[in-house]
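Colleague: Take this sequence and fold it.
(one chain, ligands or ions: 4)
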Amino acid sequence: AKSAGGNRYELADPEADARAITRHGLTTALPAALDRGEFFIEYQPLVRLGDGGVHGAEALVRWLHPQHGVLGPDRFIPLAEHTGLIVPLGRWVLEQSVRQAREWQDRHTGAGPVRINVNLSPCQLTHPGLVSDTVDILERAGLEPSALCLEVTESALIGADDDLLKPLRRLAEMGVDIALDDFGTGYSNLANLRRLPVSILKLDRSFTQGMQQFPADPVDLKIVEGIVSLAHSLDLSVTVEGVETGAQAEQLRILGCDTAQGWYYARPGPPDRLHELALVDATG
Ligand code: C2E
Ligand code: CA
Ligand code: CA
Ligand code: CA
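Modeller: Ligands and ions are numbered 1, 2, ... in the order given. Below you'll find the predicted structure:
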């Protein structure tokens with residue numbers, strides 16, 4: 001395309017141009033995609049580091065685009081946030097995931113409640129319907145609030161004022177767990193944690209990456225050890241994400257992390273995959 005010549009307005013980077021067109025195309029296609037049912041959810045198990053049992057699962061949304069195939073959330077969530085579609089899309093994800101958790105629970109009674117983690121974008125936090133929608137969805141599915149965990153990124157809560165925290169507090173009072181996602185990537189004051197209605201820290205994948213060698217970098221170990229002991233002293237539980245190897249899992253377990261998630265255990269997959277994993281766990 002660079003050789004087309006003559007046209008002085010031609011873009012120097014045709015790939016960037018293509019990306020921009022795709023971005024625009026994706027943005028305009030989003031609302032119809034929701035109506036047409038092109039979104040689907042994959043579930044990734046969360047595993048207890050202590051006994052290896054399945055603790056629950058995180059819901060991760062995907063878009064089966066008729067031309068581009070399966071698109072990951074990084075491709076379209078920012079666009080949905082920009083246009084406001086994230087509110088109905090997020091509500092859809094919550095509803096599907098809560099129903100799915102209830103179904104897992106019904107299918108293996110006796111294995112205890114199945115916990116479901118759902119990501120919440122900052123735009124959903126400021127939407128006035130958050131609390132009532134969540135209550136509605138839980139009631140309609142017949143799932144107890146304590147089976148739900150809403151994940152909010154650390155950056156969304158940095159400098160959050162009381163108005164922003166109020167709906168999260170209400171949900172936490174009802175028994176919904178709030179997790180601080182991607183913890184350690186923002187620059188929040190650790191002492192600030194006491195002010196937030198969170199009960200779980202999700203350590204960002206960058207920390208897990210530091211545990212790839214065995215033994216891990218001593219400085220990385222010290223940092224994670226410090227975060228874990230601080231979290232536990234504040235009664236928060238610690239989940240680690242991005243665990244890809246057994247060595248990582250073992251070091252994170254020794255450091256006292258409570259729950260782990262990552263390819264080492266399972267990639268995100270269809271709901272039946274998790275049912276199998278949980279069943280294996282329930283029957284030992
Ligand atoms: P996240 O919440 O930090 O989710 C974890 C991401 O790490 C997921 O990427 C997951 O597939 C990936 N992952 C899991 N285990 C491993 C591993 O062992 N190694 C590596 N390298 N990666 C691993 P995914 O599914 O592409 O999601 C990306 C982000 O999109 C999520 O990051 C989350 O912030 C956002 N997202 C996903 N679903 C939703 C949703 O329903 N609503 C909102 N608002 N955001 C969502
Ligand atoms: Ca998450
Ligand atoms: Ca995360
Ligand atoms: Ca992330």
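
Colleague: What residues of the helix or strand where Cys149 lies count as buried?
Modeller: In the assignment (DSSP states H and E), Cys149 maps to strand 148-153. For strand 148-153, a neighbour-count test (16 or more other C-beta atoms under 10 Å) marks Leu148, Cys149, Leu150, Glu151, Val152, Thr153 as buried. (Glycine included, C-beta is placed from N, CA and C.)

Colleague: And the closest residue to the third one other than its chain neighbours, how close does it get to His68?
Modeller: Setting aside the residues directly before and after it, Leu150 is nearest to Leu120 in space (C-beta to C-beta, 6 or more residues apart in numbering), at 4.9 Å. From Leu120 across to His68, the span is 26 Å (C-beta to C-beta, to the nearest Å).

Colleague: quick one: which of these two has more around it?
Modeller: Neighbour count, other C-beta atoms under 10 Å: between Leu120 and His68, Leu120 has more, with 24 against 13.

Colleague: Surely that one and Leu157 touch.
Modeller: No: Leu120 is beyond contact range of Leu157, at 10.7 Å (criterion: C-beta atoms under 8 Å).

Colleague: Looking at stretch 120-133 now, give me its mean pLDDT.
Modeller: If you average the pLDDT over stretch 120-133, you get 95.

Colleague: just stretch 226-239 next, same as before
Modeller: 94.

Colleague: cool, stretch 75-83 as well?
Modeller: Here the average pLDDT along stretch 75-83 is 96.

Colleague: wait, does it make contact with ligand 1?
Modeller: Yes: in terms of C-beta under 6 Å from any ligand atom, part of stretch 75-83 sits within range of ligand 1, namely Ile77.

Colleague: I'd guessed Ile41 sits against Ala59; true?
Modeller: Yes: if you go by C-beta under 8 Å, Ile41 and Ala59 touch, sitting 5.0 Å apart.

Colleague: who's more crowded, these two?
Modeller: Each of Ile41 and Ala59 has its neighbours counted (other C-beta under 10 Å); Ala59 has more, 22 against 19.

Colleague: returning to that earlier point: relative to the strand holding Cys149, what are the paired strands and their orientations?
Modeller: When pairing is defined by DSSP bridges, strand 148-153 lines up against strand 115-119 (parallel), strand 177-183 (parallel).

Colleague: Now look at it and say if it contacts ligand 3.
Modeller: No: remark: strand 148-153 sits outside contact range of ligand 3, by C-beta under 5 Å from the ion, the gap being at least 7.0 Å.

Colleague: Stretch 47-66 now?
Modeller: No: using C-beta under 5 Å from the ion, stretch 47-66 stays clear of ligand 3, coming no nearer than 8.5 Å.
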